[in-house]
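J.: Following is a predicted model, sequence given first.
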Amino acid sequence: MTKRLLVGTVAVGGGAPVSIQSMCSTKTDDVAATVAQIKALENAGCELIRVAIPDRAAAEAVDKIKEQISIPLIADIHFNYKFALMCAERGIDAIRINPGNIGGAEKVKAVADICRQKRIPIRIGVNGGSLERELRAKYGGVTAEALVESALGHAALLNQFDFDDICISVKCSDVPLTIAAYRLLSERTEYPLHLGVTEAGTPSMGLVKSAMGIGGLLCMGIGDTIRVTLTADPVEEIYAAKKILRAAGLRHDGVNLIACPTCGRTRIDLIPLAEEVERRLDGCRKPITVAVMGCAVNGPGEAAAADIGIAGGDGEGLLFRKGEVLCKVPQERLVDALMEEIEKL
């Protein structure tokens, strides 16, 4: 059990549901574009949103953005501690910072003081690509031990100034290394952990890396909030995160679609059939499992746990619920019949 933090109205850690984050790709000082993107992300299911604060103009936009959105806003800050102070004064809900790269102890203290006074949590974000030179030398490169020592060293620095509302991430683009670092970190701290595989890539490979790294850790009981990083529209990150949480058994909102891979017994064009079902269920928020199977052999039997499903045949198919056949349906009516039955659930 990790320590519980409040990021705006969203609880992170302490047994709270694992929350989904993303980061805007807009210029933060373009308030209209940033707000529009945040609203699109929120509609997709984003629960915490982060914006880059590279300069004064971005920091000065925080309150203007805050007043137009309804999910908590996190500031991502590097190097200039004054931007953290400005964001705190403008109502930011949390700050992502690396205490080691904003200057001396007095600057860290200034950030810790204002965040303590305003009850603003701080995420210590350690990345393999920006690990301190001395730790690289000590451990012979980027290792799990080096990442964890860096993170806990930054936490200790904040602790010196009586600040303890801390979340930690230790991200890498290397999946096994990321898993090893988070496992080690979870053994050594009770701070909530923000999971991610950084620079995961385009959706085709990035989703695989994220599912392995984030999903694997979640299945071990590690992680309190997640961000899938994809080289794509940030909305795609939210869809991916929701799929990972469902696959890990941590989210039950929305449809869990299962489908067989087809084989020589299949007498129906199953791939476009499954794709049509997935498309038509895109907006469904019912916590149900829907099966699309290729034949009667693999249908009601193998998918007996499904709330509702269809199994293809030769010119017709079966509609079944919890393994029990409801009726036979002509092939051209199969998807419509399935959707009508789902409406009744």
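T.: That came through, no problem.

J.: And residue 98, how close does it get to residue 266?
T.: For residue 98, the distance to residue 266 (CB to CB, to the nearest Å) stands at 53 Å. Bear in mind the C-beta positions are built from the backbone N, C-alpha and C, glycine included.

J.: now swap in residue 308 and tell me
T.: Residue 308 is 20 Å from residue 266, by CB to CB.

J.: and the two? which has more neighbours close in?
T.: Each of residue 308 and residue 266 has its neighbours counted (other CB atoms under 10 Å); residue 308 has more, 22 against 19.

J.: Tell me the bridge partners for that one.
T.: residue 290 (DSSP bridges).

J.: got it, and the one 4 residues further on?
T.: Here residue 312 sits in beta bridges with residue 317, as judged by DSSP bridges.

J.: Now do the same for it: its pLDDT.
T.: Listed pLDDT for residue 312 reads 86.

J.: what's the answer for residue 265, then?
T.: 79.

J.: Now do the contacts for it.
T.: 294-295, 297-298 (CB atoms under 8 Å, 6 or more residues apart in numbering).

J.: got it, and residue 79?
T.: Taking CB under 8 Å, 6+ apart as the test, what residue 79 contacts is 101-102.

J.: Same question for residue 186.
T.: 193, 222.

J.: ditto for residue 259
T.: By CB under 8 Å, 6+ apart, the neighbours of residue 259 are 270, 274, 291-293.

J.: and with 6 Å instead?
T.: 274, 292 (CB atoms under 6 Å, 6 or more residues apart in numbering).

J.: In stretch 89-96, which residues are buried?
T.: Neighbour-count burial for stretch 89-96, counted by 16 or more other CB atoms under 10 Å, picks out 90, 92-96.

J.: Ok, stretch 53-64 next?
T.: 53-54, 58-63.

J.: average pLDDT across it?
T.: 97.

J.: Kindly report the same for stretch 273-288.
T.: For stretch 273-288, the per-residue pLDDT averages 90.

J.: Identify the residues contacting it?
T.: Outside stretch 273-288, the residues that reach it (CB under 6 Å, 6+ apart) are 252-255, 257, 259, 292, 307, 335, 339.

J.: how about a cut-off of 7 Å?
T.: Contacts with stretch 273-288, where a contact means CB atoms under 7 Å, 6 or more residues apart in numbering, come from 252-255, 257, 259, 290, 292, 307-308, 312, 335, 338-339, 345.

J.: before we move on, what about stretch 45-64?
T.: 7, 10, 19-24, 28-29, 31, 34, 38, 41, 71-77, 83, 86-87, 90-92, 96, 225, 238, 242.

J.: Filter these down to the ones in strands?
T.: 7, 10, 19-23, 73-76, 96, 225 (DSSP state E).

J.: any chance of those in a markdown table, with distance to residue 152 and pLDDT too?
T.: Below are these laid out as a markdown table (distance: CB to CB, whole Å; pLDDT from 0 to 100):
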| residue | distance to residue 152 | pLDDT |
| --- | --- | --- |
| 7 | 21 | 98 |
| 10 | 25 | 98 |
| 19 | 23 | 98 |
| 20 | 26 | 98 |
| 21 | 22 | 97 |
| 22 | 27 | 97 |
| 23 | 24 | 97 |
| 73 | 27 | 98 |
| 74 | 21 | 98 |
| 75 | 23 | 98 |
| 76 | 21 | 96 |
| 96 | 17 | 95 |
| 225 | 19 | 98 |
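
J.: Just put these in CSV and tack on distance to residue 154.
T.: Converted to CSV, these look like this (distance: CB to CB, whole Å):
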residue, distance to residue 154
7, 19
10, 23
19, 22
20, 25
21, 20
22, 24
23, 20
73, 22
74, 17
75, 17
76, 15
96, 12
225, 18
